[in-house]
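[1] Need coordinates for the following:
(chains A, B and C)
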Amino acid sequence: MTVALFLILTIAGALAATAAAAFQAPPSIFGGGLALAFIGLAGAAGATASAMRAPDDLTEPRTARGPTSPPPLPDDGRVTRPAFGGMWLAAIGAFALLGLVPLISLARKPGRASRTGWGAGVRLVDENNAPIPHDRLVAGAIETVFPQGATDLPEAPAVLIRGDDGGYRAFSKVCTHAGCPVALYRHASHQLICPCHQSIFDVQDGARNISGPAPRPLPGLPLDVDAEGYLVARGDFDAPVGPDDWDRVS
Amino acid sequence: MIVRRAAGWLDERFGTNAIVHVTLKKIYPDHWSFYLGEFALYFFLVLVGTGIWLTFAFDASSQNAYASVLALADRSHPIGYVIRQVHHWAAVCFVAAILVHMGRIFFTGAFRRPRELNWMIGLCMLMLASFTGFTGYSLPNDGLSGTGLRIAYSVALSIPLIGRWAAGVFVGGNDFPTPQLTTHLYTLHVYFLPVLIAALLGLHLALVIYQKHTQFVRDPAHVVGRRFWPDYALRTIAALGATLAVLALLATFFEINPVGDYGPYRPWIVMNGAVPDWYAAFLEGSLRLGPATEFRIAGHPIPPVFWPGLVLPTVTFLFLLLWPFIEARLTGDRAPHDVLQRTTAVPLRVGVGAALIFDGLLLTIAAGDDQTAATLHVRLDTLVWVYRIALFAGPVIAGVLAARIAAEMRARVPAGGEPPPDAVLLVRNARGGYEEEGPQAG
Amino acid sequence: MLIFALPVLLAAVLGTAPSGADIYAAKCASCHGAQQWGSPDGPSLHRVGLADVDFYLSTGRMPAAAPWVQVAHRDERAGQQLPLAEIRVLEDYLAPVVAGGPPLPEVVSGNDLEHGHQLYEMNCQQCHAVGGDGGSIGRSDWAPALHQATIDQVADAIRAGPGEMPRFGERQLTQSDLDDVAGYVLAMQNAQPGSSIPSRSSGPVPEGALGYLAIIVLMTFVFGYWRHDKGGSIK
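    You can find the predicted model right below:
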């Protein structure tokens, strides 16, 4: 019978899977054994159910779940004299208000660290902490840079671009839309593009947001060359980094 | 025999025989579409089972999470590999099963009085399942999921007044990424969210049993169906076996979520084509289509991600949550119902459902608008505008069209029924031609 | 046009290999100008560097089928693949003109795949995506897939920055870095999912589609049984 066949499949599959696991066989064998076992189980149960030909029109009454009377609690004026009833409610309300305290304290509000690590004279470094000489990049190149000594601040990363005209520009790498790294650079079109939601920034126009859902240009980082020929920042970014929030009043 | 003795042992101490007897002989209506909820349930059980195993293999610290998942993605350890694959596939299928099940409930009117509460519970579970999936695939702290977390953090930040607080609760700290981010998500994904789902699920099933399942058979006074033991029990075991088989096949033949390729998350590194798992893709699409305008209230910015990222899903969720009451008010049908309807019975509902499905599909497709634009050789900004217009015009057209079609189908005469009095009948005559009959003929 | 092609045809008929000048005149001059200074249909080739020329010729993007067309298209080689011998000859001919730009890079496949992966994550995957699958770069443009690139082509592109691709000079990516990242690109091409798993993920969206397919399979299974038990008729 079909059921017997399916049950044999089940047993075979389960044993195969166990053996596969014991002998460290590739995952496909283990998974395949599992699949066979479960197909067998499904088939056996289904075939048994079908073969039973049980009636599908058995009935039992539905009980009407309507409103029931009398009201659940007995009426006892002594407990709910108006004034005290109101004050009980006020007490519950006061506890509810108090209950907000642990909830709110889960996160402290001054929450957004917003330190970029950049400032006047801070050297640009790459991801290996090596300072960037002024002739590091060729025209049409882009590199991700960090402030020396503060490489792991989330708002620190910047992109250093040497345009086709040979000039250096640097901008925050944190997109002003939702915070993704703005990493795509089209050097012939002098555009920085964020791959998450396709915001486009014009590198030759101060990374102005010219397309897509970003609301503000990328903050610019003013650059200079120090006495040893390494690139340094002349100050912090010229605008707040990344997406805004309610508390970033300007 | 053993079963009988065990049952007797329990009955002597707890009086269980009576309850077990009632449970086993209970009648459940049978229809193929009723198994959808079971599929969702079984996917959830698989998620819990495989998830518990994974907690033994996963290192929840932010530094080591990626490495511990890489070890699981290593095919030379087949058990860990298969269990992780099954876990992720089960999550993908779980949300899909809930959505299809929800569609069945919606289009057959099972949410009507007295089952409004169960509908709302189910909708909440859909939301929780999506959050659980999102936190879950963010646990490996890989490049793809980390990018998604960053976006979610920005969306949380964008809430007026309480943005920084909400974002802080979400990531467990004051910035992104915090050192304890993965541990915090682990707590959400392993304890908080699954416990909520399990509690709601228990309530959901209890309500179905207590209020009794709806049915297609038109007998409002009775439940008409199959007995639970052994009939329905065998069928549901078959469904369980099929669920497990499908998951095993997926895990065997299709590799999901290759975190080894994505690399560990670094805030300054991103990949092209980054999209979330499919059930969050509609949010990605809405973020891409959203406007660039940043409003300010008394100098306080409302970042543009607020509207597509929060307002849109919240409004949709509330609308769906209250739909049983909205429909009752619009159709005037406030009576309790235990009998299901044909899909075409309420054209308004069909229209609303079609409109929602259209927008849901559109936003999901919009999540890949850059690839679509490049494949079709159209400018991306043009395509974005096409999608934006379709977002508003499309559901209206789709909804009205679907409602009209449903109304026409509802008005169609069923086989063997009586035609309406003003019908014109076409009758073939003996010469082979057609003649019109009926009061309006000629 | 035919006048330019005549030397090449003659050369082919007579069995002598066409010279670089002949090939250039026949296949390139119509867009890049007789003296390589460009025209409305194609840019100047002066000082572009041999790496650039080699990239375009060896990938078959040039000679182009039509001006400005193929560079914007996704993965299409809407050009003509010249035979290797002709490419060499043409490059020798153009070498003095293009000098000043990135030269032909030396490259061997690096051993440090992990370093190569890190370089790829940092510099390449924002356009070329994970696994070298390629991706959109805005408008209707495309960073191509890297599945069929040779190691020389990879090195050419990195040094030359063809089209919209940025240029990575020797001080930004050293020779060792170049070898490592090129080696990683090759490794991606050769990455077999393992004989055990036939197909690998191409991202969350196809995964979701498969999830829905799984639901459909399950529903079909149940529907089949249900119809079978109902005796084939739905009440």
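
[2] and chain C, which of its residues are near chain A?
    Residues of chain C lying close to chain A by C-beta under 8 Å from any C-beta of the partner chain are C:102, C:122, C:126-127, C:135-138, C:141, C:161, C:163-169, C:171-172, C:194-197, C:221, C:225, C:228-230. For the C-beta atoms, the positions are set from N, CA and C on the backbone; glycine is no exception.

[3] mind listing which of those residues are in helices?
    Those of the residues of chain C next to chain A mapping onto helices are C:Met122, C:Gln126, C:Cys127, C:Phe221, C:Tyr225, C:His228, C:Asp229, per DSSP state H.

[4] Separate out the buried members of these.
    C:Met122, C:Gln126, C:Cys127, C:Phe221, C:Tyr225, C:Asp229 (16 or more other C-beta atoms under 10 Å in any protein chain shown).

[5] B:Asn272 is in contact with the third one, correct?
    Yes. Distance between C:Cys127 and B:Asn272: 5.6 Å, which falls inside the contact criterion (C-beta atoms under 8 Å).

[6] ok, B:Ser68 - contacts?
    B:Ala57, B:Phe58, B:Asp59 (C-beta atoms under 8 Å, 6 or more residues apart in numbering or on different chains).

[7] Residue ranges in chain A under the pLDDT threshold?
    Residues of chain A that meet the criterion pLDDT under 70 lie in A:64-68, A:70-84, A:107-114.

[8] Quick one: the strands in it, in order.
    Using DSSP state E, the strands found in chain A span residues A:58-61, A:120-125, A:141-147, A:158-162, A:168-172, A:184-186, A:191-193, A:200-202, A:208-211, A:223-225, A:231-234.

[9] Would you map out the domains in chain A?
    Split into domains by automatic domain parsing, chain A comes to A:2-52, A:120-234.

[10] Of all the residues in the host helix or strand of C:Leu213, which ones are buried?
    Following DSSP states H and E, one finds C:Leu213 within helix C:204-229. Neighbour-count burial for helix C:204-229, counted by 16+ other C-beta under 10 Å, picks out C:204-205, C:207-208, C:210-212, C:214-215, C:218-219, C:221-222, C:225-226, C:229.

[11] Could you break chain C into its assigned domains?
    Split by automatic domain parsing, chain C gives C:1-104, C:105-191, C:204-235.

[12] Can you add distance to B:Val384 and give these back as JSON lines?
    Shown next, in JSON lines, are the domains of chain C (distance: least, C-beta to C-beta, whole Å):
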{"stretch": "domain C:1-104", "distance to B:Val384": "19"}
{"stretch": "domain C:105-191", "distance to B:Val384": "11"}
{"stretch": "domain C:204-235", "distance to B:Val384": "18"}
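
[13] what's C:Leu57 in contact with, if anything?
    C:Leu82, C:Ile87, C:Leu90, C:Glu91.

[14] just to revisit the earlier point, which residues are in contact with each of C:Cys127 and B:Asn272?
    Contacts common to C:Cys127 and B:Asn272, judged by C-beta under 8 Å, 6+ apart, are A:Leu184, A:Pro195, C:Gly135, C:Ile137, C:Ala143.

[15] Which ones, among those, also lie beside chain B?
    Okay, of those touching chain B (C-beta under 8 Å from any C-beta), that's A:Leu184, A:Pro195, C:Gly135, C:Ile137, C:Ala143.

[16] Tell me if I'm right that the second one and C:His128 touch.
    If I follow you right, that is A:Pro195. No. Judged on C-beta under 8 Å, A:Pro195 makes no contact with C:His128 at a distance of 11.0 Å.

[17] Need the overlap of contacts for these two.
    Contacts common to A:Pro195 and C:His128, judged by C-beta under 8 Å, 6+ apart, are B:Asn272, C:Gly135.

[18] Can you give me the pLDDT of the residue lying closest to C:Val217 once chain neighbours are set aside?
    For C:Val217, ignoring the flanking residues on the chain, the nearest one in space by C-beta to C-beta, 6 or more residues apart in numbering or on different chains is B:Val246 at 6.0 Å. pLDDT for B:Val246: 93.

[19] in what helix or strand does B:Val246 lie?
    helix B:233-253.

[20] buried sites along that helix?
    For helix B:233-253, by 16+ other C-beta under 10 Å, it's B:234-253.

[21] Next, the angle from it to helix C:204-229.
    With axes from the mean of the first three to the mean of the last three C-alpha atoms, to 10 degrees defining the directions, helix B:233-253 sits at 150 degrees from helix C:204-229.

[22] so after helix B:233-253, what's the next helix or strand?
    Counting by DSSP H and E, what follows helix B:233-253 is helix B:259-262.

[23] ok, back up a step: which of the contacts of B:Ser68 ranks first by neighbour count?
    B:Phe58 (21 neighbours; other C-beta atoms under 10 Å in any protein chain shown).

[24] first vs last residue of stretch A:49-63, how far apart are they?
    29 Å (C-alpha to C-alpha, to the nearest Å).

[25] wait, does it contact chain C?
    Yes. Among the residues of stretch A:49-63, A:Ala49, A:Ser50, A:Arg53, A:Asp56 lie within reach of chain C under C-beta under 8 Å from any C-beta.

[26] That's all I had, so thanks and see you.
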